[in-house]
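**Q** A predicted structure for the sequence below; I have some questions about it.
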Amino acid sequence: MLKNLRRRVSGTTIAMWIIGFILLVVVIVGVVRTLMIGKYTGADWTDLFVYGISQGSVYALIALGYTMVYGILRMINFAHGDIFMAGAFFGYFTAIVFEKNGFFDSPTVDGKLVLALVVVTLVAAAGAAGLAILLERIAYRPLRRAPRLVPLITAIGASFFLEYSFLGLFGSGIKGFPEIDALKGRVSIFGVEILKTQVVVIVASFVMLIALWLFVQRSKMGKAIQAVSEDKDAAALMGINVDRSIMITFLVGGALAGAAGVLYALLFRQVYFFMGFFPGLKAFTAAVLGGIGNIAGAMVGGLFLGIAESLFPNLVLDGLGIPAPYQLKDALAFLLLVLVLIFRPTGILGERLATKKA
Amino acid sequence: MALLEATDIHTYYGAIHALKGITVTVDKGEIVTLIGANGAGKTTTLNTICGIYHPRQGTIVLDGEPIHDMPAHTIVTRGLSQSPEGRRVFGRLSVAENLEMGAFTRKDKAGIKRDLERVYELFPRLLERRKQLAGTLSGGEQQMLAMGRALMASPRLLLLDEPSMGLAPMLVDLIFDTIKEINAQGVTVLLVEQNALVALSIANRAYVLETGSIVLSGTGQELLNNPEVMKSYLGID
Ligand SMILES: Nc1ncnc2c1ncn2[C@@H]1O[C@H](COP(=O)(O)OP(=O)(O)OP(=O)(O)O)[C@@H](O)[C@H]1O
Ligand SMILES: [Mg+2]
């Protein structure tokens, strides 16, 4: 019996390693062939890479909300992608006002433009944070002691509620985020030509990621959130208000998602009620890739997914002779998720998560 | 004068009637111990006093102020803190950060600094390891940290739930010496212990708990001389 079991376990393990090996070979063959064909220039690769970073930093910002809420409540807030969508809407409405008043007209980056963008981002962050807090207060808090499936279903319900509320309020049409003249075209950084919007997105994201990291690791409230994530009763014994800590977690996660909504709108210039679905799912994937509950993991996972999604289709699939590689980038993201779950269920930074839990 | 007066406390876990009318008083400056078999309700008593659970019936008064309706995080600000059963240190935070969390509600920077020095004096081992993650400390060190963390709240009344659990005899002595020292520094102590012999020997007064009710009380010495207590809790005939 025991012998049997052992054989079966090692059998699956062997099968998994074989699959892993085959995948690795396929990847290497794809990469080598792509590079041999030489269809893309160095500039093309830089473009894809930078695009991946900008996309990935937006994923990272959203992923933080998933991972922090998971850390503190052990639930997946599936409505988080729609908080991101709501943030984009709040940003869009604010941006339109600035556009009408000529804040985006200058051909160069000036004080007015910076001010406008900062205000747009702040409004989006504040609106999304407010919505996230409401969601926690109304939909999740009453279910704190319910079985884990219940808040999960509620979260899915909340996601639909938000999507269809925005559909009802603002219609199904895609709204074009105002174009900013000063951010058209490219700028040369260390000799690399990069789209200006991508520079803005990457810089803004990294500033926020660093700010969040400092908040969680250095501030008293950030440490209190970590304490509550680990042991709610013990945290309450310290005088930490557990409900308030949870609220602040939703606030911070919501604010980051709202800001990410604006950055996403800057990149793609499209705002609509369903826009949170895929980025939300990708960010969730990123959070799992990095090890759910792990804050550094969400950042790493987001960047990794963004870059992989951007480079992989051209780098690997092209070489394998697949006709429209770029169409497969979404499939690739979820394939990555499945692979990580099979080979490293705790995520990239999973080991640290495991020891941390002990 | 009584610092803590818990009167006729009834606590339930759903339908389970865990505390059936318990009355416990602790006077300023005392060490009072609560002993009893596994499952008697000792931890439940401490957690009810701390506000983790709320009594369905009965009153808890701390220095004249009723606290039985307050949430746990508010009770701390009234000068009551607990080192919980099983230590429950925050494993992902460093030793120093755990101590910082102990002083979470305090604003008096100078006082916090003074108490931090006091804790490091009581437990020099914590000072050595202040940057280490609490989850990687040994059991004994975690117990020191749990007590130090509770002291960082600058409590008037300190509740200790089985501080000697799972520790080697030498460490047990150290922990009990420290409890006496903390008490000598003016902190009133309510101590729950399995290790009844040592607990009774350092306690001014003691209560014996049995399935949710107080069955005996007296000075530590009285209970030590009580043959029934000897037999049931110390295994001595
Ligand atoms: N969370 C809970 N849910 C249901 N019943 C509980 C819970 N916690 C404790 N009990 C029950 O309440 C009773 C008292 O438990 P308590 O933990 O207070 O005992 P104790 O005296 O501290 O025991 P020990 O010496 O083992 O720590 C026990 O019968 C226990 O099973
Ligand atoms: Mg107990």
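**A** Noted; the coordinates are in hand. Ligands and ions are numbered 1, 2, ... in the order given.

**Q** Measure how far the lengthiest helix in chain B is from the centre of its chain, please.
**A** Taking DSSP state H as the criterion, chain B has its longest helix at helix B:169-184. Relative to the mean C-alpha coordinate of its chain, helix B:169-184 is positioned 13 Å out (C-alpha atoms, centre = their mean, to the nearest Å).

**Q** average model confidence for that helix?
**A** Summarised as a single mean, pLDDT over helix B:169-184 is 93.

**Q** With stretch A:112-131 instead?
**A** pLDDT averaged over stretch A:112-131 gives 97.

**Q** where's that stretch relative to the chain centroid, distance-wise?
**A** 19 Å.

**Q** Where do the strands of chain A begin and end?
**A** A:175-176, A:186-189, A:192-195, A:270-271 (DSSP state E).

**Q** re the thing from before, immediately after the longest helix of chain B, which helix or strand?
**A** strand B:188-192 (DSSP states H and E).

**Q** ok, that following strand near ligand 2 or not?
**A** No: Strand B:188-192 is not in contact with ligand 2 by C-beta under 5 Å from the ion; minimum separation 6.6 Å. Just so you know, the C-beta spots here come from the backbone N, C-alpha and C atoms, and that holds for glycine as well.

**Q** List the contacts of that strand.
**A** Strand B:188-192 has contacts (C-beta atoms under 8 Å, 6 or more residues apart in numbering or on different chains) with B:3-4, B:24, B:26-35, B:42-43, B:45-46, B:49, B:85, B:156-163, B:179, B:182-183, B:199, B:203.

**Q** mind redoing it with 7 Å?
**A** Outside of strand B:188-192, the residues within contact range by C-beta atoms under 7 Å, 6 or more residues apart in numbering or on different chains are B:3, B:26, B:28-34, B:42-43, B:46, B:156-162, B:179, B:182-183, B:199, B:203.

**Q** filter these down to the ones near ligand 2?
**A** Restricting the contacts of strand B:188-192 to those near ligand 2 by C-beta under 5 Å from the ion leaves B:42, B:43.

**Q** Run through the contacts of strand B:188-192 and flag the ones next to ligand 1.
**A** B:42, B:43 (C-beta under 6 Å from any ligand atom).

**Q** So which of the contacts of strand B:188-192 are in strands?
**A** Among the contacts of strand B:188-192, DSSP E puts B:3, B:26, B:31, B:32, B:33, B:34, B:157, B:158, B:159, B:160, B:161 in strands.

**Q** returning to that earlier point: need the strands of chain A in CSV (columns: mean neighbour count).
**A** Formatted as CSV, those follow (neighbours: other C-beta atoms under 10 Å in any protein chain shown):
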stretch, mean neighbour count
strand A:175-176, 16
strand A:186-189, 11
strand A:192-195, 16
strand A:270-271, 20
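
**Q** if we compare the ones you listed, which one ends up closest to residue A:88?
**A** Of all the strands of chain A, it is strand A:270-271 that lies closest to residue A:88, at 4.9 Å by C-beta to C-beta.

**Q** Show me what residue of the stretch 51-200 of chain A gets nearest to ligand 2.
**A** Nearest residue of the stretch 51-200 of chain A to ligand 2, counting by C-beta to the ion: residue A:145, 22.1 Å away.

**Q** Check that residue and give its pLDDT.
**A** With respect to pLDDT, residue A:145 scores 89.

**Q** And for it, the neighbour number?
**A** If you count neighbours by other C-beta atoms under 10 Å in any protein chain shown, residue A:145 ends up with 6.

**Q** Now do it against residue A:235, distance only.
**A** With the distance defined as C-beta to C-beta, to the nearest Å, residue A:145 ends up 17 Å from residue A:235.

**Q** for residue A:319, same thing?
**A** 52 Å.

**Q** Look at the two and report which has more neighbours.
**A** residue A:235 (25 against 22).

**Q** check contacts around residue B:143.
**A** Residue B:143 sits next to B:87, B:163, B:167, B:175 when contact means C-beta under 7 Å, 6+ apart.

**Q** again with residue A:27
**A** Contacts for residue A:27 (C-beta under 7 Å, 6+ apart) come out as residue A:316.

**Q** right, and residue B:127 touches residue B:120 too?
**A** Yes: assessed by C-beta atoms under 7 Å, residue B:127 is found in contact with residue B:120 at 4.0 Å.

**Q** neighbour count winner among the two?
**A** Neighbours per residue, other C-beta under 10 Å: of residue B:127 and residue B:120, the larger number sits with residue B:120, 18 against 14.

**Q** ok, now how distant is that one from ligand 1?
**A** The gap separating residue B:120 from ligand 1 is 30 Å, by C-beta to the nearest ligand atom, to the nearest Å.

**Q** Okay, helices next: where are they in the stretch 51-200 of chain A?
**A** A:80-100, A:111-135, A:149-170, A:196-218 (DSSP state H, counting those that start in this stretch).

**Q** now the angle from the second one to helix A:196-218?
**A** Which is helix A:111-135. Inter-element angle recorded for helix A:111-135 and helix A:196-218: 50 degrees (by axes from the mean of the first three to the mean of the last three C-alpha atoms, to 10 degrees).

**Q** buried ones in helix A:111-135?
**A** A:112-113, A:116-117, A:119-133, A:135 (16 or more other C-beta atoms under 10 Å in any protein chain shown).

**Q** Over to the shortest one?
**A** Of the residues in helix A:80-100, A:80-95, A:98-99 count as buried by neighbour count, 16+ other C-beta under 10 Å.

**Q** again, but for the third one
**A** Within helix A:149-170, the residues that qualify as buried by neighbour count (16+ other C-beta under 10 Å) are A:151, A:154, A:155, A:158, A:159, A:162, A:163, A:166.

**Q** residues in contact with the second one?
**A** Under the criterion of C-beta under 7 Å, 6+ apart, the contact partners of residue A:154 comprise A:139, A:140, A:143.

**Q** Check the gap between the first one and residue A:292 for me.
**A** Same thing as residue A:139. 20 Å.

**Q** Can you get me the start-to-end distance on stretch B:38-46?
**A** The straight-line separation of the ends of stretch B:38-46 (C-alpha to C-alpha, to the nearest Å) is 15 Å.

**Q** picking up where we left off before, which one of the helices of the stretch 51-200 of chain A lies closest to residue A:45?
**A** Using C-beta to C-beta, the nearest of those to residue A:45 is helix A:196-218, at 14.8 Å.

**Q** Residues in contact with the closest one: which ones?
**A** Here helix A:196-218 makes contact (C-beta under 7 Å, 6+ apart) with A:50-51, A:53-54, A:57-58, A:60-61, A:64, A:183-187, A:189, A:222, A:225-226, A:252, A:256, A:259, A:263, A:266-267, A:295, A:299.

**Q** Which among those residues count as buried?
**A** Buried residues within the contacts of helix A:196-218, counting neighbours by 16+ other C-beta under 10 Å: A:50-51, A:53-54, A:57-58, A:60-61, A:64, A:183, A:222, A:225-226, A:252, A:256, A:259, A:263, A:266-267, A:295, A:299.

**Q** what's the span of stretch A:133-149, first residue to last?
**A** End residues of stretch A:133-149 are separated by 21 Å (C-alpha to C-alpha).

**Q** So which bits of it are buried?
**A** By 16+ other C-beta under 10 Å, the buried positions in stretch A:133-149 come out as A:133, A:135, A:136, A:139, A:140, A:143.

**Q** My read is that the last one contacts residue A:152, right?
**A** By that I understand residue A:143. No: using C-beta under 7 Å, residue A:143 makes no contact with residue A:152, being 9.7 Å away.
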